[in-house]
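Participant: got a predicted structure plus its sequence, pasted below:
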Amino acid sequence: MRDARTVLVSGNWKMNENHFEALKLVQELAALVRVAPIPEGREVSVHPPFTSIRTVQTAVETDHLPFLLGAQNCHHEERGAFTGEVSAEMLAKLNVAYVIAGHSERRAHLGESDVDVRRKVDAILAHGMRPILCVGETLEERVAGAAVEKVRTQVSGALSGRSGEVVGGVVVAYEPIWAIGTGETASVQDAQDMCATIRSELSRLAGAGAAAAARIQYGGSVTPDSAGALLAAPDVDGLLVGGASLDAEKFVAIVRSTA
């Protein structure tokens, strides 16, 4: 179960916001949190596209904004002939704190496998950043009764064989694929049940202490109306927010939601 001080709300901007738009959005977020600060102990990360990371980094660091910088992806290799890719080392040099690994859109549209995701987690950890490991099932898998097995396999594929200290520092984001960008949201009980399953798998892999320390987010069409109830679930330690993170007022309302 969650220690309330560890709640992490992350805004995944996906392929939106050029660097001018990204700066405007960060400035809007900054203005809102100056009026009413982020609740004590709650972390917020923003994950712009690669072309906007430097702009957002400069704004956050220059104005001492209470946001952590995130990235949406990285390549598992350090460097080389991988046209169009960005390495974990490059992100670390920009003071990125969190990197999303294995988002369902990349698994579905770009064919990322559990092996690919594990390599990315390796690279993220090697450069002192924290992965946000995304796991989740399709509607077909849920209907077939295969959701739990699918999610456990994804968690173990990325995190098996790692120390309790490493596993305890990881963020796992449960995103039911059928609820991403569809306007559908899993019920609070659905989210709680699967997040509890993830924590159970983490305990099996690395021990109860690591499982308790790791943070588990819910992601899937989160809104200001659904955020509070989701955060009240015992095993939901945060939220991975997509579309609503592009609206400063909605995102800050989610960040301030009372668990």
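Facilitator: Arrived safely, thanks for sending.
Participant: relative to residue 99, how far out is the residue of the chain positioned farthest from its centre?
Facilitator: Computed with Cα atoms, centre = their mean, the residue of the chain farthest from its C-alpha average is residue 81, at 28.1 Å. Going from residue 81 to residue 99 by Cβ to Cβ, to the nearest Å gives 22 Å. C-beta here means a position set from N, CA and C on the backbone, and glycine is covered the same way.
Participant: lowest-confidence helix or strand of this protein?
Facilitator: Sorted by mean pLDDT, DSSP states H and E, the helices and strands of the chain end with helix 139-143, the least confident at a mean of 91.
Participant: hang on, residue 69 is in a helix, isn't it?
Facilitator: No: judged by DSSP: H, G, I helix; E, B strand; the rest coil, residue 69 forms no part of a helix; its state is strand.
Participant: doesn't residue 97 make contact with it?
Facilitator: Yes: here residue 69 lies in contact with residue 97, judged by Cβ atoms under 8 Å, at a distance of 5.9 Å.
Participant: do a quick rundown of the helices in the protein.
Facilitator: 19-35, 50-62, 88-93, 104-109, 114-126, 139-143, 147-159, 164-168, 188-206, 208-213, 224-231, 248-255 (DSSP state H).
Participant: any stretches of this structure with poor pLDDT?
Facilitator: Where the chain drops to pLDDT under 70, the residues are 1-5, 185, 259.
Participant: what about residue 52, how many neighbours?
Facilitator: 22 (other Cβ atoms under 10 Å).
Participant: quick one: residues contacting it.
Facilitator: 13, 17, 18, 19, 21, 22, 23 (Cβ atoms under 8 Å, 6 or more residues apart in numbering).
Participant: 7 Å - rerun?
Facilitator: Residue 52 makes contact with 17, 18, 19, 22, according to Cβ atoms under 7 Å, 6 or more residues apart in numbering.
Participant: quick check, nearest of those to residue 189?
Facilitator: Proximity of these to residue 189 (Cβ to Cβ) peaks at residue 17, which lies at 33.9 Å.
Participant: residue 78 and residue 87 touch, don't they?
Facilitator: Yes: assessed by Cβ atoms under 7 Å, residue 78 is found in contact with residue 87 at 5.7 Å.
Participant: okay, the two: which has more neighbours?
Facilitator: Between residue 78 and residue 87, counting by other Cβ under 10 Å, residue 87 is the more crowded of the two (18 against 12).
Participant: got a list of what the closest residue to residue 43 other than its chain neighbours touches?
Facilitator: Ranked by Cβ to Cβ, 6 or more residues apart in numbering and with sequence neighbours excluded, the top spatial neighbour of residue 43 is residue 8, at 4.6 Å. Contacts for residue 8 (Cβ under 7 Å, 6+ apart) come out as 43, 45, 171, 215, 217, 237, 238.
Participant: same check on residue 15?
Facilitator: residue 49.
Participant: same question for the one 4 residues further on.
Facilitator: With Cβ under 7 Å, 6+ apart as the criterion, the residues that contact residue 19 are 51, 52, 55.
Participant: kindly recompute the last result at 8 Å.
Facilitator: Taking Cβ under 8 Å, 6+ apart as the test, what residue 19 contacts is 51, 52, 54, 55.
Participant: ok, the first one to residue 68 distance?
Facilitator: According to Cβ to Cβ, residue 51 stands 19 Å off from residue 68.
Participant: higher neighbour count, those two?
Facilitator: residue 68 (18 against 11).
Participant: doesn't residue 129 make contact with the more buried one?
Facilitator: No: counting by Cβ under 8 Å, residue 68 stays clear of residue 129, with 10.2 Å between them.
Participant: now do the shared contacts for those two.
Facilitator: Joint contacts of residue 68 and residue 129 (Cβ under 8 Å, 6+ apart) are 97, 98.
Participant: good, we can wrap up now.
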